[in-house]
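Participant: Sequence isn't available, so here's the structure alone:
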């Protein structure tokens, strides 16, 4: 594997990890644009825009985009988060040029009014679809509660009201304000030659306008909060908790990743043995999320409503023990082994490499090979975990729920 | 296009069928072990026995406690899970190649000699029950379960994740009996793919699995399938629609035509259902159709989720697209299906887990493996006339319709029921 990168005259950053031993190549535009960059008025526009990208530009119609991607057998899609909109395709190496041509078209959509009106229905359906998935509703609700008043608390999908009221003109303005080369990284992973790739990128990706938009990163102090969305007809109670954790630029984030595995992995973790293995809950885990300027612990459990309070106490007990006593050498070694194996398995596919490649660059202008990642994971010590716990104990400030309960 | 591949299959001395694909370009190795112990083997009134057994495998084996077993497997970086299906409980696992070899003895102990202690039974049953309760709040997942139930005759349509009402009747003795009768080498299949040495692997497998004994469980008796349409009332945001109709199974000579027909309907974002129902009419976000094949039977199953006021139109348009599939199939349209399939075939070679799973599945459904080259050639040989003729010959004369939501849709758009 070989890493190369360059900045094109337009200001677009190209990064590539080439590997002749794999069969495919994956390419993705990582745009620094997400729900945190929206105002309340245009809530949901980043995600709606991601849909509109597939409606084509001045050269390709909506039908063309889907048809040509299918013609080259691409595995392609897009995703929108609080901070990043990503457009990607994995193809056989001979189709890389066509894929880049289409992906770059996605970034300059025509935003035709009739397409906008039609796609609005699809977005509204998507919002309804997630309403029928309590774990998703719970996620949305805890983000809004935990990051109350902070941009990270803004919903990715937006609401029925905000989407209904959104105009194509507002979307056009949002697009013009964020889709600049200074906000975009093109990442490529897999079987390709860098010089050839560079030629293709110069040929097809030169139309993205130059410029950069800074993101506001307000300081944030979460307040203690509990908020339950009551759904009387629900059978299970879903609960999430959040608390402050290292931000995306903090070197302690590797220790945080390992700690979340030790405490909250879906099997063999402390929460697993205390809550899942005895059958107290349907599921219970702890994750670590890193953002621009912030970070969060996030735990999730789903169980019978009558057991919810007891199960939250069990979680709190697990957290308190970890805060007080740290982790054992055996636990740390086990977590390192688990994470190392995941890195290798995920890294075998170009699509698996793409997202860590793109995010590392977008967030930190850094490249880490699989070997680098393994080395970092291997080097995390118990001392670092203790330092992490001193600075960011597993102390949840926010609790949110979806289910029959109206209080805890 | 050439797809070079070397695959070997053999039986161990106890009859266990092994199929192995060496993949020297990767670092990992994966396995898929099909145990003939799936939900179809659950006794009447005890639906969920296999699901509880799946939960009990990791709870200690051959003198190793649950925690020791878990720690040992975690230290080998082994990603793993037991999944309960209709025909099989499937154990899948993957890690770096050298460590998979080290994990094999532990895997064998866990599968062949799980403790299945009385003390571990309640928690395992509780977990299965919690999973079923969670499904009640997930109408889309629930729909998949109901659609299957209405598509296949019992026990093939039985929910392999269990029935809430049955769980109380199941005892620890049932679990042990299920293990003894169904976790047997005869008719089990082990698929392995990865960067492993063939001769060494065979030797390891013989030493860890060779002493495993038991004969295949008897064929199951086939019952009836319930009549549809069926609607389940739910105060959900969307109405969830499921359709199913007959097609040909994997071993059928016309299987690839059947596959192409479904691919035309729902193979990519340029396929007919996505274009007509979502892109042109904006009726839904999620719509899909896929081919579900058992050993002796097969269905196409379709799903759409849409808000209640649009549910009727979504159903009408979806059924209309399915029924007019034979009209106007173009070479370009078929070519896109071929391109997508070929690229998937090539990309499969980047994943040891998907290769191990495919090989094991081929051996179960066909009794032999299919090389990627053969699949490639069969796909290349598809013609517009052949696919159109298949669609005409297998046009649905009746369809299963199931729905979950605030209101039942009117089924009069469906082809006439017999």
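Facilitator: Done, it's in. Just so it is clear, the model here is predicted, and its values are computed rather than measured.

Participant: Run a quick check on residue A:308 versus residue A:234, I expect a contact.
Facilitator: No: counting by Cβ atoms under 8 Å, residue A:308 does not reach residue A:234; the two are 11.7 Å apart. Where you see a C-beta, it was placed from the backbone N, CA and C, and this is true even at glycine.

Participant: who has more neighbours, those two?
Facilitator: Taking neighbours as other Cβ atoms under 10 Å in any protein chain shown, residue A:308 and residue A:234 compare with residue A:308 leading, 23 against 19.

Participant: Kindly confirm my reading that that one forms part of a strand.
Facilitator: No: Residue A:308 is assigned helix when assessed by DSSP: H, G, I helix; E, B strand; the rest coil, not a strand.

Participant: Not counting sequence-adjacent ones, nearest residue to it?
Facilitator: residue A:237 (4.5 Å; Cβ to Cβ, 6 or more residues apart in numbering or on different chains).

Participant: returning to that earlier point: find residues that contact each of residue A:308 and residue A:234.
Facilitator: residue A:403 (Cβ atoms under 8 Å, 6 or more residues apart in numbering or on different chains).

Participant: give me every residue that touches residue A:138.
Facilitator: Residue A:138 touches A:229, A:238-240, A:300, A:400-402, counting by Cβ under 8 Å, 6+ apart.

Participant: which element follows the strand or helix carrying it toward the C-terminus?
Facilitator: Element membership for residue A:138, per DSSP states H and E: helix A:134-146. Next helix or strand after helix A:134-146 toward the C-terminus (DSSP H and E): helix A:160-165.

Participant: domains of chain B?
Facilitator: B:37-183, B:230-413 (automatic domain parsing).

Participant: could you redo those domains as CSV and give each row mean pLDDT and distance to residue A:22?
Facilitator: As requested, the domains of chain B are exported to CSV (pLDDT from 0 to 100; distance: least, Cβ to Cβ, whole Å):
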stretch, mean pLDDT, distance to residue A:22
domain B:37-183, 97, 16
domain B:230-413, 96, 6
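
Participant: how about JSON lines for those, with distance to chain A added?
Facilitator: Below are the domains of chain B laid out as JSON lines (distance: least, Cβ to the nearest Cβ, whole Å):
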{"stretch": "domain B:37-183", "distance to chain A": "3"}
{"stretch": "domain B:230-413", "distance to chain A": "3"}
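
Participant: Run through the residues that contact the closest residue to residue B:414 other than its chain neighbours.
Facilitator: Computed as Cβ to Cβ, 6+ apart, the closest residue to residue B:414 that is not its neighbour in sequence is residue B:399, at 4.9 Å. Taking Cβ under 8 Å, 6+ apart, we find residue B:399 in contact with B:243-245, B:319, B:322, B:414-415.

Participant: Could I get the contacting residues of the residue nearest to residue A:308?
Facilitator: Applying Cβ under 8 Å, 6+ apart, the residues near residue A:237 are A:302-305, A:308, A:401-405.

Participant: Which of the residues you listed fall within helices?
Facilitator: residue A:308 (DSSP state H).

Participant: how does chain A divide into domains?
Facilitator: Using automatic domain parsing, the domain parsing of chain A gives A:2-204, A:225-403.

Participant: Any idea which of those gets closest to residue B:312?
Facilitator: Smallest distance to residue B:312 across the domains of chain A (Cβ to Cβ): 14.7 Å, for domain A:2-204.

Participant: how far does that closest one stretch from start to finish?
Facilitator: Taking Cα to Cα, to the nearest Å, domain A:2-204 runs 23 Å from one end to the other.

Participant: same thing with stretch B:270-289?
Facilitator: Terminal-residue distance, stretch B:270-289 (Cα to Cα): 14 Å.

Participant: Strands of chain A, start to end?
Facilitator: Using DSSP state E, the strands assigned to chain A run over residues A:2-7, A:13-18, A:25-31, A:75-80, A:85-91, A:184-190, A:225-230, A:237-244, A:283-291, A:294-303, A:398-403.

Participant: Leaving out chain neighbours, which residue sits closest to residue 127?
Facilitator: No chain was given, so I picked chain A. Closest to residue A:127 by Cβ to Cβ, 6+ apart is residue A:157, at 5.2 Å.

Participant: oops, chain B please
Facilitator: Counting by Cβ to Cβ, 6+ apart, the residue nearest residue B:127 is residue A:279, at 4.8 Å.

Participant: Quick check: the residue of the stretch 101-250 of chain A nearest chain B.
Facilitator: residue A:121 (3.2 Å; Cβ to the nearest Cβ).

Participant: Likewise for the stretch 301-408 of chain A?
Facilitator: When you check the stretch 301-408 of chain A against chain B by Cβ to the nearest Cβ, the closest residue turns out to be residue A:341, at 2.6 Å.

Participant: Check what pLDDT the closest residue to residue B:280 other than its chain neighbours gets.
Facilitator: Nearest residue to residue B:280, sequence neighbours excluded (Cβ to Cβ, 6+ apart): residue A:118, at 7.6 Å. If you check residue A:118, the pLDDT there is 96.

Participant: before we move on, back to that, and the closest residue to the residue of the stretch 101-250 of chain A closest to chain B other than its chain neighbours, what is it in contact with?
Facilitator: Among residues not flanking residue A:121 along the chain, residue B:282 sits closest, at 3.2 Å (Cβ to Cβ, 6+ apart). Residue B:282 makes contact with A:118-122, A:125 under the criterion Cβ under 8 Å, 6+ apart.

Participant: Turn the buried ones among the residues you listed into a named ChimeraX selection, would you?
Facilitator: Buried members of the contacts of residue B:282, defined by 16 or more other Cβ atoms under 10 Å in any protein chain shown, are picked up in ChimeraX with:
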select /A:118,119,120,121,122,125
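
Participant: can I get the contacts of residue B:282 in a markdown table with distance to residue B:223?
Facilitator: Formatted as a markdown table, the contacts of residue B:282 follow (distance: Cβ to Cβ, whole Å):
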| residue | distance to residue B:223 |
| --- | --- |
| A:118 | 46 |
| A:119 | 46 |
| A:120 | 47 |
| A:121 | 42 |
| A:122 | 41 |
| A:125 | 37 |
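
Participant: Which one of the contacts of residue B:282 is nearest to residue A:99?
Facilitator: Scanning those for proximity to residue A:99, where the rule is Cβ to Cβ, the winner is residue A:119, at 22.7 Å.

Participant: Provide a list of residues in contact with that closest one.
Facilitator: A:48, A:51-52, A:55, B:282.

Participant: And it, how close does it get to residue B:149?
Facilitator: Using Cβ to Cβ, to the nearest Å, residue A:119 is found at 35 Å from residue B:149.

Participant: I'd like to know how far the residue nearest in space to the middle of chain A sits from residue A:257.
Facilitator: With distances taken as Cα atoms, centre = their mean, the residue of chain A nearest its centroid is residue A:81 (5.3 Å). Separation of residue A:81 from residue A:257 (Cβ to Cβ) stands at 18 Å.

Participant: Look up the closest residue to residue A:391, ignoring the ones flanking it.
Facilitator: Leaving aside its sequence neighbours, residue A:391 is closest to residue A:252 (6.9 Å, by Cβ to Cβ, 6+ apart).

Participant: what's the answer for residue B:122, then?
Facilitator: residue A:279 (6.8 Å).

Participant: beta partners of the nearest residue to residue A:226 once chain neighbours are set aside?
Facilitator: Closest residue to residue A:226 apart from its sequence neighbours, by Cβ to Cβ, 6+ apart: residue A:399 at 4.6 Å. Here residue A:399 sits in beta bridges with residue A:226, residue A:241, going by DSSP bridges.

Participant: Neighbours of residue A:194, how many?
Facilitator: 17.

Participant: Contacts only, for it.
Facilitator: Counted by Cβ under 8 Å, 6+ apart, residue A:194 has contacts A:2, A:4, A:16, A:18.

Participant: Chain B: which of these is nearest?
Facilitator: The closest of those, once distances to chain B are taken by Cβ to the nearest Cβ, is residue A:18, at 14.9 Å.
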